[in-house]
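S.K.: Sequence plus the predicted model coming up.
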Amino acid sequence: MPTLDTDEATRLRMSRQRSRDTDPERALRSSLHRRGLRYRLHRRPVPGLRRQADIVFGPARVAVFVDGCFWHCCPEHTTSPKSNAAWWSAKLAANVARDRDTDEQLAVAGWAVVRVWEHEDPVAAAARVAQVVRSRISH
Ligand SMILES: [Zn+2]
């Protein structure tokens, strides 16, 4: 395996993140589907709130976000690009702050938020999501 310098690695992560329907998201979706769960994709759970979840369980009011390790600062894989370090640091901190704000706003509106890292095992993540969904439709 050739090693990548930081900028090249950053570019690859960016190109991956920009696309909807990333591989981790697809893997999670198919695992959820196999569990018999049905959901909608890329919806704004709360009307008037400009935050879009990746996977939405309407009746259960569960919003799932599949977070890229780089963009959302996963504690295991977070990295700091060397060039434009200050800009990146501010950008990534703003992403994390927005995530927490989204969590809070959805909770206030009565939604449960489940965040899944892109590095997580999709089967285990689907089990986690299923548990939350079932707990919210059983009563
Ligand atoms: Zn990660």
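M.R.: It's in.
S.K.: Need the residue closest to the centroid of the chain.
M.R.: With distances taken as C-alpha atoms, centre = their mean, the chain has V66 as the residue nearest its mean C-alpha position (2.2 Å).
S.K.: That residue: which element?
M.R.: Remark: V66 resides in strand 62-67, with elements defined by DSSP states H and E.
S.K.: what does the chain have sitting close to the ion?
M.R.: 69, 74, 76-77, 117, 119 (C-beta under 5 Å from the ion). Where you see a C-beta, it was placed from the backbone N, CA and C, and this is true even at glycine.
S.K.: rounded to a whole number, what's the mean pLDDT of stretch 56-74?
M.R.: The predicted model assigns stretch 56-74 a mean pLDDT of 95.
S.K.: roughly how far out does it sit from the chain middle?
M.R.: The chain centroid and the centroid of stretch 56-74 are separated by 4 Å under C-alpha atoms, centre = their mean, to the nearest Å.
S.K.: Convert the strand holding V66 to PDB, retaining C-alpha atoms only.
M.R.: Output for strand 62-67, consisting of C-alpha atoms alone and laid out as PDB, is shown next (Å, rounded to 0.1, in the frame of the first residue of the first chain):
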ATOM      1  CA  VAL A  62     -36.100   8.200  15.400                       C
ATOM      2  CA  ALA A  63     -33.500  10.100  13.300                       C
ATOM      3  CA  VAL A  64     -30.300   8.400  12.300                       C
ATOM      4  CA  PHE A  65     -27.200  10.200  11.200                       C
ATOM      5  CA  VAL A  66     -24.300   8.300   9.700                       C
ATOM      6  CA  ASP A  67     -21.300  10.600  10.600                       C
END
